[in-house]
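[1] Provided below are the primary sequence and the corresponding predicted coordinates.
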Amino acid sequence: MVTTTTAGSVDLAAARFFRVLGDPTRVAILQLLMQRPHSVSELVEATGARQSRVSTHLACLRWCEFVTTERAGRKVIYSITDPEVGEVLRRGMELAQARLDHLVACERIGPEWA
């Protein structure tokens, strides 16, 4: 049986899970990591974002357990923690593609999501 507190906690966690996926840079990072593990410098080069920005997003993704790290000499290599995270992202991308025009033009989500 799910209690109100547990249900509320799961709702909050689910909302935050999807909010993690709500940033274009984090989505780009996750898409790259779905292909193979990458170092920070590889992610910086592939995304075109500043190193500090990529590192901030990676810290978020790591804290939320979307990615994990492994040391390779002086480099830190990032990879997807759970293949199901990649599957959720892949399916989300398919759904977004099917609704592309409406999602791009959407003004009802709120300014905090812009």
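    Looks like it came in fine.
[2] And whichever strand or helix holds residue 55, what's buried?
    Secondary structure assignment for residue 55, by DSSP states H and E: helix 51-63. Neighbour-count burial for helix 51-63, with 16 or more other C-beta atoms under 10 Å as criterion, is recorded at 54, 57, 58, 60, 61. (C-beta placed from N, C-alpha, C; glycine too.)
[3] Please apply the same query to stretch 19-27.
    20, 21, 26, 27.
[4] Out of those residues, which comes closest to residue 38?
    residue 26 (13.7 Å; C-beta to C-beta).
[5] okay, the angle between the host helix or strand of the closest one and helix 51-63?
    Assigned by DSSP H and E, residue 26 belongs to helix 24-35. Helix 24-35 and helix 51-63 are oriented at 70 degrees to each other (axes from the mean of the first three to the mean of the last three C-alpha atoms, to 10 degrees).
[6] next one: the very next helix or strand once past helix 24-35 to chain centre, how far?
    Using DSSP H and E, the next helix or strand after helix 24-35 towards the C-terminus is strand 38-39. Distance, stretch centre to chain centre, for strand 38-39: 15 Å (C-alpha atoms, centre = their mean, to the nearest Å).
[7] Quick check: can you name the pairing partners of strand 38-39 and their directions?
    Strand 38-39 sits in its sheet next to strand 75-80 (antiparallel), going by DSSP bridges.
[8] Other residues contacting the strand it pairs with?
    29-30, 33-34, 36-41, 43, 58, 61-62, 66-71, 86 (C-beta atoms under 8 Å, 6 or more residues apart in numbering).
[9] Thanks a lot, see you next time.
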